[in-house]
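Student: Just the structure for this:
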Amino acid sequence: MALHITGDTAADELLSTDAFALLTGMLLDQQVPMETAFAGPLKIKQRVGSIDPVTVAGYDPERFVEVFKQTPAVHRFPGSMAGRVQSLAQAVVDDWRADASAIWTQGDPNGAEVLKRLKGLPGFGEQKAKIFLALLGKQVGLNAPGWREAAGAYGEDGYHRSVADITDPESLAKVRATKQAAKAAAKSAKG
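Tutor: Residues are numbered from 1 along each chain as shown. As a prediction, the model looks like this:
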(Lines give C-alpha, C1' and ligand atoms only; values in the text may rest on other atoms or scores of the structure.)
Protein backbone atom coordinates (compact mmCIF):
# COMPACT_ATOMS: atom_id res chain seq x y z
CA MET A 1 0.00 0.00 0.00
CA ALA A 2 1.36 3.39 -0.98
CA LEU A 3 -0.90 6.34 -0.30
CA HIS A 4 -0.55 9.63 -2.18
CA ILE A 5 -2.70 12.10 -0.25
CA THR A 6 -0.49 14.97 0.91
CA GLY A 7 1.96 15.57 -1.94
CA ASP A 8 4.73 15.14 0.65
CA THR A 9 6.65 11.88 0.25
CA ALA A 10 7.55 11.53 3.95
CA ALA A 11 4.02 12.30 5.15
CA ASP A 12 2.48 9.86 2.65
CA GLU A 13 5.02 7.18 3.63
CA LEU A 14 4.02 7.52 7.29
CA LEU A 15 0.32 7.28 6.39
CA SER A 16 1.08 4.20 4.28
CA THR A 17 2.96 2.38 7.03
CA ASP A 18 1.37 3.47 10.32
CA ALA A 19 -2.30 2.73 10.99
CA PHE A 20 -2.56 5.22 13.86
CA ALA A 21 -1.03 7.96 11.72
CA LEU A 22 -3.66 7.30 9.03
CA LEU A 23 -6.46 7.30 11.61
CA THR A 24 -5.12 10.56 13.07
CA GLY A 25 -4.97 12.16 9.62
CA MET A 26 -8.63 11.29 9.11
CA LEU A 27 -9.52 12.75 12.50
CA LEU A 28 -7.74 16.00 11.60
CA ASP A 29 -9.55 16.22 8.25
CA GLN A 30 -12.02 18.97 9.08
CA GLN A 31 -11.90 22.69 8.47
CA VAL A 32 -8.44 22.48 6.90
CA PRO A 33 -7.29 21.30 3.46
CA MET A 34 -6.98 17.51 3.18
CA GLU A 35 -3.24 17.72 2.58
CA THR A 36 -2.80 19.74 5.77
CA ALA A 37 -4.85 17.29 7.80
CA PHE A 38 -3.07 14.20 6.55
CA ALA A 39 0.36 15.84 6.90
CA GLY A 40 -0.46 16.42 10.58
CA PRO A 41 0.69 12.99 11.82
CA LEU A 42 4.20 13.55 10.43
CA LYS A 43 4.39 16.94 12.16
CA ILE A 44 3.34 15.29 15.42
CA LYS A 45 5.90 12.51 14.99
CA GLN A 46 8.68 14.97 14.21
CA ARG A 47 7.85 17.20 17.19
CA VAL A 48 7.03 14.53 19.78
CA GLY A 49 9.41 11.85 18.53
CA SER A 50 6.63 9.33 17.93
CA ILE A 51 3.10 8.95 16.61
CA ASP A 52 2.61 5.81 18.71
CA PRO A 53 -0.80 5.94 20.47
CA VAL A 54 0.75 5.14 23.87
CA THR A 55 3.15 8.08 23.54
CA VAL A 56 0.47 10.44 22.23
CA ALA A 57 -2.07 9.47 24.89
CA GLY A 58 0.49 9.93 27.67
CA TYR A 59 1.93 13.22 26.44
CA ASP A 60 1.39 16.23 28.68
CA PRO A 61 -1.81 17.86 27.31
CA GLU A 62 -0.51 21.44 27.56
CA ARG A 63 2.72 20.53 25.82
CA PHE A 64 0.73 18.64 23.18
CA VAL A 65 -1.26 21.81 22.41
CA GLU A 66 2.08 23.60 21.96
CA VAL A 67 3.13 20.86 19.50
CA PHE A 68 0.01 21.69 17.48
CA LYS A 69 0.71 25.43 17.57
CA GLN A 70 4.29 25.26 16.26
CA THR A 71 4.72 26.69 12.78
CA PRO A 72 3.54 25.25 10.51
CA ALA A 73 0.57 24.41 12.72
CA VAL A 74 -0.78 20.87 12.82
CA HIS A 75 -4.33 22.26 12.64
CA ARG A 76 -6.01 25.66 12.65
CA PHE A 77 -7.74 24.75 15.94
CA PRO A 78 -4.76 23.53 17.96
CA GLY A 79 -6.39 23.29 21.38
CA SER A 80 -9.48 21.31 20.48
CA MET A 81 -7.77 19.12 17.88
CA ALA A 82 -4.83 18.27 20.14
CA GLY A 83 -7.35 17.11 22.72
CA ARG A 84 -9.23 15.06 20.15
CA VAL A 85 -6.04 13.36 18.95
CA GLN A 86 -5.12 12.48 22.53
CA SER A 87 -8.66 11.13 23.15
CA LEU A 88 -8.38 9.04 19.99
CA ALA A 89 -4.98 7.74 21.09
CA GLN A 90 -6.35 6.84 24.52
CA ALA A 91 -9.27 4.95 22.96
CA VAL A 92 -6.88 3.00 20.72
CA VAL A 93 -4.73 2.16 23.77
CA ASP A 94 -7.69 1.20 25.97
CA ASP A 95 -9.93 -0.58 23.46
CA TRP A 96 -7.49 -1.95 20.86
CA ARG A 97 -4.31 -2.64 22.86
CA ALA A 98 -2.58 0.31 21.14
CA ASP A 99 -3.01 -1.32 17.71
CA ALA A 100 -5.10 0.96 15.47
CA SER A 101 -5.25 -1.62 12.67
CA ALA A 102 -7.07 -3.98 15.05
CA ILE A 103 -10.10 -1.73 14.60
CA TRP A 104 -10.53 -3.09 11.09
CA THR A 105 -8.79 -6.48 11.40
CA GLN A 106 -9.46 -7.99 14.84
CA GLY A 107 -11.91 -10.87 14.63
CA ASP A 108 -12.19 -10.68 10.82
CA PRO A 109 -15.08 -8.15 10.90
CA ASN A 110 -17.46 -7.37 8.06
CA GLY A 111 -17.92 -3.85 6.70
CA ALA A 112 -20.85 -3.02 8.98
CA GLU A 113 -18.82 -4.05 12.05
CA VAL A 114 -15.80 -1.98 10.97
CA LEU A 115 -18.11 1.02 10.46
CA LYS A 116 -19.60 0.49 13.93
CA ARG A 117 -16.11 0.31 15.46
CA LEU A 118 -15.00 3.48 13.67
CA LYS A 119 -18.13 5.36 14.78
CA GLY A 120 -17.27 4.35 18.35
CA LEU A 121 -14.00 6.30 18.20
CA PRO A 122 -13.75 9.85 19.57
CA GLY A 123 -14.19 12.38 16.76
CA PHE A 124 -15.59 9.88 14.23
CA GLY A 125 -19.19 10.55 13.30
CA GLU A 126 -21.16 8.75 10.61
CA GLN A 127 -19.68 10.58 7.60
CA LYS A 128 -16.06 10.50 8.77
CA ALA A 129 -16.37 6.80 9.62
CA LYS A 130 -17.82 6.01 6.17
CA ILE A 131 -15.08 7.98 4.40
CA PHE A 132 -12.37 6.22 6.41
CA LEU A 133 -13.96 2.82 5.72
CA ALA A 134 -13.92 3.65 2.00
CA LEU A 135 -10.26 4.69 2.27
CA LEU A 136 -9.45 1.36 3.92
CA GLY A 137 -11.33 -0.58 1.24
CA LYS A 138 -10.16 1.36 -1.80
CA GLN A 139 -6.52 1.97 -0.90
CA VAL A 140 -5.42 0.04 2.18
CA GLY A 141 -6.53 -3.42 1.09
CA LEU A 142 -9.42 -4.01 3.50
CA ASN A 143 -11.32 -7.06 2.26
CA ALA A 144 -14.12 -7.04 4.83
CA PRO A 145 -17.31 -8.36 3.23
CA GLY A 146 -19.82 -5.57 2.68
CA TRP A 147 -17.42 -2.68 3.20
CA ARG A 148 -18.66 -0.88 0.08
CA GLU A 149 -22.29 -1.09 1.22
CA ALA A 150 -21.34 0.07 4.73
CA ALA A 151 -19.35 3.00 3.30
CA GLY A 152 -22.37 4.09 1.24
CA ALA A 153 -21.70 6.51 -1.62
CA TYR A 154 -18.05 6.83 -0.51
CA GLY A 155 -17.52 3.16 -1.37
CA GLU A 156 -18.62 3.54 -4.98
CA ASP A 157 -16.01 3.36 -7.73
CA GLY A 158 -15.68 5.99 -10.42
CA TYR A 159 -16.47 9.00 -8.25
CA HIS A 160 -14.20 11.53 -6.59
CA ARG A 161 -16.04 12.31 -3.36
CA SER A 162 -13.45 12.09 -0.62
CA VAL A 163 -9.90 11.39 0.47
CA ALA A 164 -10.66 7.72 -0.24
CA ASP A 165 -10.50 8.59 -3.95
CA ILE A 166 -7.20 10.50 -3.93
CA THR A 167 -4.37 8.65 -5.61
CA ASP A 168 -2.50 11.49 -7.33
CA PRO A 169 -2.67 15.26 -7.94
CA GLU A 170 -5.30 14.83 -10.68
CA SER A 171 -7.68 12.87 -8.44
CA LEU A 172 -7.10 15.41 -5.65
CA ALA A 173 -8.25 18.17 -8.02
CA LYS A 174 -11.36 16.14 -8.90
CA VAL A 175 -12.22 15.59 -5.22
CA ARG A 176 -11.80 19.32 -4.59
CA ALA A 177 -14.10 20.16 -7.50
CA THR A 178 -16.74 17.73 -6.20
CA LYS A 179 -16.59 19.24 -2.71
CA GLN A 180 -16.81 22.79 -4.07
CA ALA A 181 -19.83 21.86 -6.20
CA ALA A 182 -21.53 20.28 -3.17
CA LYS A 183 -20.90 23.41 -1.07
CA ALA A 184 -22.24 25.65 -3.83
CA ALA A 185 -25.36 23.50 -4.18
CA ALA A 186 -25.95 23.58 -0.42
CA LYS A 187 -25.49 27.35 -0.35
CA SER A 188 -27.92 27.96 -3.20
CA ALA A 189 -30.47 25.61 -1.59
CA LYS A 190 -30.41 27.80 1.54
CA GLY A 191 -30.66 30.84 -0.71
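Student: So residue 98 versus residue 31, what's the distance?
Tutor: As judged by C-beta to C-beta, to the nearest Å, residue 98 and residue 31 stand 28 Å apart. To be clear about C-beta, it is placed using only N, CA and C from the backbone, and glycine gets the same treatment.
Student: which residues of this protein fall in helices?
Tutor: Counting by DSSP state H, the segments of the chain that form helices are 9-17, 19-28, 34-48, 53-58, 61-69, 78-96, 102-105, 111-119, 126-135, 147-151, 169-190.
Student: How about residues contacting the second one?
Tutor: By C-beta atoms under 8 Å, 6 or more residues apart in numbering, the residues outside helix 19-28 that reach it are 3, 5, 14-16, 36-42, 44-45, 51-53, 56, 74-75, 81, 84-85, 88-89, 92, 99-101, 103, 121, 123-124, 128, 131-132, 135, 140, 163.
Student: List the contacts of residue 48.
Tutor: Contacts of residue 48 by C-beta under 8 Å, 6+ apart are 55, 56, 59, 64, 67.
Student: and what of residue 72?
Tutor: Applying C-beta under 8 Å, 6+ apart to residue 72 gives the contacts residue 43.
Student: and it, how far is that from residue 40?
Tutor: 10 Å.
Student: before we move on, what about residue 84?
Tutor: Distance from residue 84 to residue 40, by C-beta to C-beta: 11 Å.
Student: between the two, who's got more neighbours?
Tutor: A side-by-side neighbour count of residue 84 and residue 40, using other C-beta atoms under 10 Å, places residue 40 first with 27 against 19.
Student: how close does that one sit to residue 143?
Tutor: 28 Å.
Student: before we move on, what about residue 48?
Tutor: 33 Å.
Student: I'd like to know how many residues surround residue 83.
Tutor: 17.
Student: Now it: closest residue in space that isn't a chain neighbour?
Tutor: Counting by C-beta to C-beta, 6 or more residues apart in numbering, residue 83 lies nearest to residue 61, which is 7.0 Å off, once chain neighbours are set aside.
Student: check contacts around the one you found.
Tutor: Per C-beta under 8 Å, 6+ apart, neighbours of residue 61: 82, 83, 86.
Student: if I look at the closest residue to residue 78 other than its chain neighbours, how far off is residue 100?
Tutor: Closest residue in space to residue 78, ignoring its immediate chain neighbours: residue 68 at 3.6 Å, by C-beta to C-beta, 6+ apart. For residue 68, the distance to residue 100 equals 20 Å [C-beta to C-beta].
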